[in-house]
Structure formats: structure tokens, C-alpha cells
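**Q** here is my input, please return the structure:
(2 chains)
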Amino acid sequence: GEDVEQSLFLSVREGDSSVINCTYTDSSSTYLYWYKQEPGAGLQLLTYIFSNMDMKQDQRLTVLLNKKDKHLSLRIADTQTGDSAIYFCAENDGGATNKLIFGTGTLLAVQP
Amino acid sequence: NAGVTQTPKFRILKIGQSMTLQCAQDMNHNYMYWYRQDPGMGLKLIYYSVGAGITDKGEVPNGYNVSRSTTEDFPLRLELAAPSQTSVYFCASSSPQAGTNEKLFFGSGTQLSVL
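**A** Okay, the predicted model is just below:
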């Protein structure tokens, strides 16, 4: 079945770059997503990438997709304390109902 | 602009009690979803609906029921609460269109403890 895996925790210093990694298994996914969850809140879509792209840049965010290895990464440049949150990658299941399959989430802790 | 509204925000249940988690969206979205979030486990899909009158099971449907009598509302029912249902529950909605990404809008969650 489909599976999406992430490392559980990442700690960086303010101003450094953060790289959060994700691996997925469903090669029929058409889109891959990064969601951000702040404490006590629901998830919010940060960015997404279409499966035929290998890179997407959006201000401080860079998404890299290696479709051959089924590897997705999110790079946050100049990480700020406000970036501290849980980050989830997700893939759509490629089926008619386009359900999303979420990873386990990576807790990003930004040290001042 | 309310988006997706979930009630209650917190609830404590005794084993065997029942309750309904409410979810409403005002964006006229056809697709609605219920997820549960457990520590270190990510989000698991419980049930989903692609429109009024249509519901289907997700990955972890056992112990839950849903209904979708209107486009706006998608309540989740727990009939006989068990400790394994202690979790944070998120409702989400989307309006997928061909050739576009499926952005999910999430509610703020319901934290449920079954003791």
C-alpha cells in the first residue's frame, strides 16, 4: 500500500537553512504537498509540486522532487523562530477521489 | 470568512459513551474528510465524502460512522467510545478540479480523550 515516511525531528539555529526530507511509494501521484501545523491548529498548505517538475521555488521555500527515487524535500532558507512547527509531506493517491496520504510529520525546532 | 468549523474543541468521554463531532464548511466544497492524528503517526483518513449523500471508508473507519445530508455538514459519530479512540480529530474540505492541485482546508481540530 501507499506509505509516506519522514524523520520525526529536526533542530536548527535561527538564520540557518532547514531541509526536511520525505519518501513516498505511490508512483501514480500527480501532486506532492507540504503542509505546516502550528501548535493547537489544523494543517495549512505551504506549497505543492506537480509530479512532472523537479524543483519549485516560492520565496524562502524550495521544493525538490526526485521522482526516480521517490524523494521529496523542503528547504527553508533563513529559518526563523516562527517557522517552528510540524511539517507534513503528502501525496495524492492518484485515484478518482484524490485522497491525500500524509507522512508522519517532522517537528522543526528553531533555536534563537 | 469561517472556512471549516469544528466543534467541540475538547471533550472527555467515558468508555462506552457516544458522541458526535461536528464539522461544517461554508466554501461550497464537495469533498470532505475526517482524519485522526496520533503522535508520531501522522494523519490517518477515517471517512470521506465526495458530495451530499455519498460517503466512503478511509484507512481507519472501525468504530466510527458518518453522514452527509448536506454539502455543508459532515458529522462524525462515535457509538461506543474506546480508549484507542483518544486522538485529535481533524475535519477537512476541498474542491478538486481536473488539472489543479487539491488544496485541503482544515478545521482547528477536536481533542478527544476516552477514559
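
**Q** what's the nearest residue to the residue most central in space within chain B if we skip its chain neighbours?
**A** The centroid of chain B falls nearest to B:Trp34 when counting by C-alpha atoms, centre = their mean (2.6 Å). Sequence neighbours aside, B:Ile46 is the residue nearest to B:Trp34 in space, at 4.3 Å (criterion: C-beta to C-beta, 6 or more residues apart in numbering or on different chains). For glycine as for every other residue, the C-beta is placed from the backbone atoms N, C-alpha and C.

**Q** wasn't that neighbour part of a strand?
**A** Yes - according to DSSP: H, G, I helix; E, B strand; the rest coil, B:Ile46 belongs to a strand.

**Q** spit out the contact partners of it.
**A** B:Trp34, B:Tyr35, B:Arg36, B:Gly58, B:Glu59, B:Val60, B:Pro61, B:Tyr64, B:Val66, B:Leu76, B:Tyr89 (C-beta atoms under 8 Å, 6 or more residues apart in numbering or on different chains).

**Q** give me the PyMOL select line for those residues, limited to the buried ones.
**A** Buried residues among the contacts of B:Ile46 (16 or more other C-beta atoms under 10 Å in any protein chain shown), as a PyMOL selection:
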select buried, chain B and resi 34+35+36+58+60+61+64+66+76+89
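
**Q** which stretches of chain B form strands?
**A** Assigned by DSSP state E, chain B shows strands spanning B:4-7, B:10-13, B:19-25, B:31-38, B:42-51, B:54-57, B:64-66, B:76-78, B:87-94, B:105-106, B:110-114.

**Q** that older thread, between the contacts of B:Ile46, which sits nearest A:Thr47?
**A** B:Tyr35 (20.1 Å; C-beta to C-beta).

**Q** got a pLDDT number for that closest one?
**A** pLDDT for B:Tyr35: 95.

**Q** surely it meets B:Leu43?
**A** Yes - counting by C-beta atoms under 8 Å, B:Leu43 is a contact partner of B:Tyr35 at 4.2 Å.

**Q** list the beta-bridge partners for A:Arg75.
**A** Following DSSP bridges, A:Arg75 is listed with bridge partners A:Val19, A:Thr62.

**Q** residues touching whichever residue of chain B sits closest to chain A, list them.
**A** Chain A sits closest to B:Phe106 of chain B, with a gap of 3.2 Å, by C-beta to the nearest C-beta. Neighbouring residues of B:Phe106 by C-beta under 8 Å, 6+ apart: A:Gly42, A:Leu43, A:Gln44, B:Val4, B:Phe90, B:Cys91, B:Ala92.

**Q** can you give me every residue that contacts the nearest residue to it once chain neighbours are set aside?
**A** Nearest residue to B:Phe106, sequence neighbours excluded (C-beta to C-beta, 6+ apart): A:Gly42, at 3.2 Å. Residues in contact with A:Gly42 (C-beta under 8 Å, 6+ apart) are B:Val4, B:Phe90, B:Ala92, B:Phe106, B:Gly107, B:Ser108, B:Gly109.
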